[in-house]
Each structure stands twice: as C-alpha cells, then as structure tokens.
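Q: Sequence plus predicted model, see below.
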Amino acid sequence: MPAQGSPGDITFSTFIDSDSTLAAEADFPADAPAGSGKPGPRVRVNLAYAGSPNTDLTKLRNMVHEIGHTLGYRHTNWQGNEPVSAYGANLIPGTPSTDPASVMNGGTAGVSWAGFSTYDNVATRTLYPGTCLAANMSGHYQVQPYVTCTWSANPTGGTPPYLYSWMGTALTSSRTFLYSNPGSDFVMRLVVVDAIGRRDSVSQSVRVYQYGPPCA
Ligand SMILES: [Zn+2]
C-alpha cells in the first residue's frame, strides 16, 4: 500500500506463549522505526495455541487479522475490553462502533475466514483511499417483464484497466451490460477485476413489474 513504507518489512515468525488462547500477535505501525512510514514489523504465531477449531480457514483469518494490526487497525470490539492507550483508538469515519462481521474483532481466533465485512472495506477505503478496488453499478431497480435494459459498471480504486463479469458471464472489457430479464424479480450481479487481479463484487435487486416503465 503506497501510504506505508515500501517494502513493508513484516517478519512472520513463531514463538511460544504461556497463554494457550492466544493464536498470534502483531505489531502496530507505531512499533516500526520512527518516521519510516512502515507497517508493524512483526507477526508472530503462538505454537502453544490450543484453541479449537484450528483449521486452514481459521489460520487464514488470523493472519488477515494480524496483518490488519500491522496496518494500524485495532480491534473493532475494543470498547469495554481494552484500554485506549498506549496506541490510541479512533473510530474510522463511515464505520459503526461495533461490527460482528469484522475480521478485526478480538477474541475470534476460532472463527473461519469468510472475507472482509462491508465496514472492513469501508475502513480500508477511508484510510487508504485510491488503493482498494470498489465495484459500483448503476442501472435499474424496476423493469418490465422480458424487456432489455442497460446496466453500467462504475468501479473506483484498484488499478485500471478493469474487466467485468455480469451475471456470471466470462470477463469482458465492456463496462455496460444489456440484459433481458427472465420475467420475474432477479438480482443483477457484477464482478470487477482490476489489472493486478484484485476483485470486488456488487449486486442489486431488481423488481420485474409489468405496469411500470420499461427500464426504471
Ligand atoms: Zn488482534
């Protein structure tokens, strides 16, 4: 990420901690050399961790979580559990004070990776603007049965050029999509892939209603 020093210089290692409920720990950017702009320098995995389940998916989520700490994220659920000091705690604009789906909740070492929450992504787009790919679409919320209407992709961030998959189609460079609906309500789905393979998706429910405008 451009806002951080490059290379990041994060060292992954193992250690043994007396706390068998601790899966891993990481440093914050404040632990990096002063003025370096680098992320937290260490992620350490506790070989004595005895939590269960401890699967590929929980391990993956734990690593995403720890890397999040190196980028400066505290625990989403810190309030009531952890002091503000010594690193400070700031609510990221646009995010709620609690988010059960956040990968940055503490005490979640047994949770399987299921992707970033909506607000995890808002947080990253806010702190690192311009770096995160965001798929956006414009189009119709209500259409007449079997009428062909046009939807458009309006991605932001990431690294152009973008490719698009509409309703599961093969990736195409076409930013617009003509779709003849099946005669009943449907969900318009868009996946955007940027030039370095980052992807984001968005969907929009569309009502099919014969007494409304053709493409509303
Ligand atoms: Zn943590």
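A: Here it is on my side, so go on. If you're wondering where the values come from, they're calculated on a predicted model, not measured in any experiment.
Q: For the longest helix along the chain, which outside residues touch it?
A: Counting residues, the longest helix in the chain under DSSP state H turns out to be helix 56-70. When contacts are taken as C-beta atoms under 8 Å, 6 or more residues apart in numbering, the neighbours of helix 56-70 outside the stretch itself are 8, 10, 23-29, 39-43, 45, 103-104, 108-114, 116. All C-beta spots, glycine's among them, are computed from the backbone N, C-alpha and C.
Q: I'd like the next helix or strand past it.
A: Per DSSP states H and E, helix 56-70 leads on to helix 118-127 as the next helix or strand towards the C-terminus.
Q: List the buried residues of that following helix.
A: Of the residues in helix 118-127, those scored as buried under the neighbour-count criterion (16 or more other C-beta atoms under 10 Å) are Tyr119, Asp120, Asn121, Val122, Ala123, Thr124, Arg125, Leu127.
Q: Could you dump the residues you listed into TSV and include pLDDT and distance to Thr14?
A: As requested, these are exported to TSV (pLDDT from 0 to 100; distance: C-beta to C-beta, whole Å):
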residue	pLDDT	distance to Thr14
Tyr119	96	31
Asp120	96	26
Asn121	92	30
Val122	92	33
Ala123	94	29
Thr124	90	27
Arg125	83	33
Leu127	87	29
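Q: from those, which is closest to Val147?
A: Sorting those by how near they are to Val147, with C-beta to C-beta, puts Asn121 at the top with 33.2 Å.
Q: tell me the angle of the longest helix of the chain relative to helix 118-127?
A: Using axes from the mean of the first three to the mean of the last three C-alpha atoms, to 10 degrees, the interaxial angle of helix 56-70 with respect to helix 118-127 works out to 30 degrees.
Q: Show me what counts as buried in helix 56-70.
A: Burial within helix 56-70, assessed by neighbour count using 16+ other C-beta under 10 Å, is assigned to Thr58, Lys59, Arg61, Asn62, Met63, His65, Glu66, Ile67, Gly68, His69, Thr70.
Q: Next: stretch 34-48.
A: Of the residues in stretch 34-48, those buried by neighbour count under the rule 16+ other C-beta under 10 Å are Lys38, Pro39, Gly40, Pro41, Arg42, Val43, Arg44, Val45, Asn46.
Q: next one: stretch 179-199
A: Counting neighbours by 16+ other C-beta under 10 Å, one finds that the buried residues in stretch 179-199 are Tyr179, Asn181, Phe186, Met188, Arg189, Leu190, Val191, Val192, Val193, Asp194.
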